[in-house]
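**Student:** sequence and computational prediction follow.
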Amino acid sequence: MDIKRIKGMNDILPDEAIKWRRIEDICRKVFMGFGYNEIRPPVIEKTELFARSIGESTDIVEKEMYTLTTSKGGHITLRPEATASILRAYIENSLYVQNPVQKFFTIGPMFRHERPQKGRYRQFHQVDVELLGTDSPYADIEIISLLDYLLIQLGIKDITIQINSLGCKECRPVFQKSLLNFLQGVNKELCQDCRRRINTNPLRILDCKVPSCKKILINAPVILDDLCKSCNDHFNRVKDGIGALGIAYKVIPGLVRGLDYYTGIAFEAITDNLGAQNAVGGGGRYNGLIRELGGPDLSGIGFALGIERLLLLTENNRGEDGDVLLPLYLIALGEKARELFFNLSQRLARASIPNGFSFLTKSLKAQMKLADRNNARFALIAGEDELSDGLVILRDMQTKFQKQIPIENLFENIKNEIMEAEVI
RNA sequence: GUGGGUGUAGCUCAGUUGGUAGAGCACCUGGUUGUGGCCCAGGUGGUCGAGGGUUCAAGUCCCUUCACUCACCCCA
C-alpha cells in the first residue's frame, strides 16, 4: 500500500462512526430544543474572510490555514473555524432583515495545518453554535446554558466552565496598555516564549503554564479591574443569570481566546482528561465582527466544541453499546439457491428488513459463521435438497429451532416470520 | 518549526552477548459429506518502515532517511 492518508487526517471507520452519529444526534436534539436551526456553509471560502475575522496576526491565519490559489490567481482557504462562514452567510443572504436575531448551529470538518497530537488533528470536526443580532446578557446566558446542558446530555463528566470578560473597544485598550507596561517591567524574568508573546499576543501570557511566569503574573493587572461600566454590568448580569440556572462556573481573569474577534464575555469548557489539551469547547462574544465583515452593526455570541475531543471524553466515561441485531442472514449453497436468495435479499432490503447475504461462495459452515458474526437472529438456508423439495430452512440462531418454509411466496413468508419474532 | 518515544504477520506485541523470524488474537481447513459460538488438530500469512555500511553471518551494531505517536507551541 503506497498511498496513505494525509498526516493529521483520519478515517472514521464504521465502528467509530456509530459513536459520531450518537454525538451528532444528541447535539441536534438539544439545539432544536433551544430553537437553533441548522445552517451548512461551504467548507471553503475566500481567504480574506478568515484573515479579516480571525485576525491577520493570529497563529491560525499566519501559519495554519490550508490556502489554495485558484486558476485566476485568487486565494481560497479550507475553513479553520465556522463562525466566519456563518456570519458571511447571514450577511450575504440578508437574514437579519426580517428578524436580526437568528440562532444557528452547524456540524462539520475544519482544517488547520498544525502538528497533530492527541486531541488535535489537521482535519477535525466541530459542533458550532451562533446566536446573532443581540447584545442582551440573556443571549450570553442562553449560550452558556446551552453549552452546559449539551455536555450533560452527552454524558461528559469532570468539566469546568470558565468565564471571563475581555472588555470592549472602550476598556480593552486601557487594559492592554497597563498590561504591556507591566510586562515590559518584568520582561527579563519571563520565559522565552512569553518574551516573544509580548509582541505577538500579550494576553496569552496570562495563560502561561511555566511556574516562574505564573509567579510573576500574580501581580499582573487584571482585565476585570479595568472594565468599563457597561462591560462590568454585562458581566455581572451574565454571572447572576447562569448562577440562577444552577450552572457551576469559575471566573478566570487570565482566560483569553486565540481569535482576535472576541469582545466581552469569553468562556471555555475545560477538563483534565484530554492529554495535553484542556479545552473541549470554547467561545465568546464578538460584537464588532458582523460589521467588520460588511454587515449591519449587530452583535453575536457563540461557541464551538471539538467532536474528536468529545469522543475522547465519552470513551473515558462509558462503555460501548451492544452489537446491533441483524434480523436475517441468507445462506445459499449452489448457484440456483444463490440466485433465489440474492433476489430475496434485495426484496427484503427494499422492504426495510435488514439482512445479510454472502457475496462469497463459501461452505455452509463458513456461512453459518458469517451469520453468527453478523449477530443474526435467523439464518435462512437453501441448498439443492431444499430447492427440489420446494422448501427452505429457517433457523433460529438463539434457540437452534429449525422450521421449513415453502419457496412459494417466500418473500411474504419470511416477512411474516420476522414480524412475528419482533426482531425489527 | 523544535524535542522525546515507537516502527517485526490483518491486529496486539516478544525476539538473549549478531548465528535458520516467533506468540496470542484474527483468518482458512479438518475433527462434524450440508449447520454458528466452546474445544481440539493442522494450515495460510513477513521485502523485520526504507536505503546504505560493518561482518563469514544483521530484526539485533553503525550511518542516512521516512512514517507514526506524544509533548512544546497553538487551539476545539
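**Tutor:** Done, it's in.
**Student:** contacts only, for the residue of chain A found nearest RNA strand B.
**Tutor:** In chain A, the residue found nearest to RNA strand B is A:Gly258; the distance is 1.7 Å by C-beta to the nearest atom of the strand. Placement of C-beta: from N, CA and C, glycine included. A:Gly258 sits next to A:Thr58, A:Asp59, A:Ile60, A:Asn201, A:Arg204 when contact means C-beta atoms under 8 Å, 6 or more residues apart in numbering.
**Student:** how about those residues, which pair is most distant?
**Tutor:** A:Ile60 and A:Arg204 (13.1 Å; C-beta to C-beta).
**Student:** what mean pLDDT does stretch A:281-301 get?
**Tutor:** Averaging pLDDT along stretch A:281-301 gives 96.
**Student:** likewise stretch A:10-26?
**Tutor:** On average, stretch A:10-26 scores 93.
**Student:** who's in contact with it?
**Tutor:** A:5, A:107, A:121, A:123, A:125, A:127, A:150, A:153-154, A:307, A:310-311, A:314, A:321.
**Student:** show only the entries of those residues found in helices.
**Tutor:** Judged by DSSP state H, those include A:Leu150, A:Gln153, A:Ile307, A:Leu310, A:Leu311, A:Thr314 as members of helices.
**Student:** what's the ChimeraX syntax to select whichever of those are buried?
**Tutor:** This is the ChimeraX syntax for the buried subset of the ones in helices among the contacts of stretch A:10-26, where burial follows 16 or more other C-beta atoms under 10 Å:
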select /A:150,307,310,311,314
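**Student:** okay, the ones in helices among the contacts of stretch A:10-26 in TSV with distance to A:Thr83 next?
**Tutor:** Output for these, formatted as TSV (distance: C-beta to C-beta, whole Å):
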residue	distance to A:Thr83
A:Leu150	17
A:Gln153	23
A:Ile307	16
A:Leu310	19
A:Leu311	22
A:Thr314	25
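**Student:** quick one: list the elements packing against the helix or strand containing A:Val238.
**Tutor:** Using DSSP states H and E, A:Val238 sits in helix A:229-244. Contact partners of helix A:229-244 among helices and strands, from 3 or more C-beta pairs under 8 Å, 6 or more residues apart in numbering; DSSP states H and E: helix A:137-153, strand A:160-165, strand A:263-274.
**Student:** with mean pLDDT and distance to RNA strand B added, can I get the ones you listed in TSV?
**Tutor:** Listed next are those as TSV, based on pLDDT from 0 to 100; distance: least, C-beta to the nearest atom of the strand, whole Å:
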stretch	mean pLDDT	distance to RNA strand B
helix A:137-153	97	10
strand A:160-165	95	11
strand A:263-274	93	6
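**Student:** take the ones you listed and write them to CSV, including distance to A:Ala379.
**Tutor:** As requested, these are exported to CSV (distance: least, C-beta to C-beta, whole Å):
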stretch, distance to A:Ala379
helix A:137-153, 39
strand A:160-165, 52
strand A:263-274, 43
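**Student:** list the contacts of A:Phe105.
**Tutor:** Listed by C-beta under 8 Å, 6+ apart, the contact set of A:Phe105 reads A:Cys27, A:Phe31, A:Tyr36, A:Asn37, A:Glu38, A:Ile39, A:Val127, A:Asp128, A:Val129, A:Glu130.
**Student:** can you rerun that using 10 Å?
**Tutor:** Residues counted as contacts of A:Phe105 (C-beta atoms under 10 Å, 6 or more residues apart in numbering) are A:27-28, A:30-32, A:34, A:36-39, A:82, A:86, A:127-131, A:146, A:302.
**Student:** all strands of the stretch 251-400 of chain A, in order?
**Tutor:** For the stretch 251-400 of chain A, applying DSSP state E, counting those that start in this stretch gives strands covering A:263-274, A:277-285, A:300-306, A:326-332, A:355-357, A:376-382, A:391-396.
**Student:** each with direction, which strands does the fifth one pair with?
**Tutor:** Going back to what we said before, that points to strand A:355-357. Strand A:355-357 sits in its sheet next to strand A:326-332 (parallel), going by DSSP bridges.
**Student:** from the contacts of stretch A:10-26, which two are the most distant?
**Tutor:** Farthest-apart pair in the contacts of stretch A:10-26 is A:Arg5 and A:Gln153; separation 31.9 Å (C-beta to C-beta).
**Student:** before we move on, back to that, give me the contact list for the helix holding A:Val238.
**Tutor:** For helix A:229-244, contacts defined as C-beta under 10 Å, 6+ apart pick out A:135-145, A:147-148, A:161, A:163-168, A:170-172, A:223-228, A:247-249, A:251, A:263-265, A:267, A:285.
**Student:** sorry, back to before: so which of the contacts of A:Phe105 are in strands?
**Tutor:** Secondary structure from DSSP state E places A:Asn37, A:Glu38, A:Val127, A:Asp128, A:Val129, A:Glu130, A:Leu131, A:Gly302 of the contacts of A:Phe105 in strands.
**Student:** might one say that the last one is in contact with A:Ile144?
**Tutor:** Same thing as A:Gly302. No - counting by C-beta atoms under 10 Å, A:Ile144 is not a contact partner of A:Gly302; they are 11.1 Å apart.
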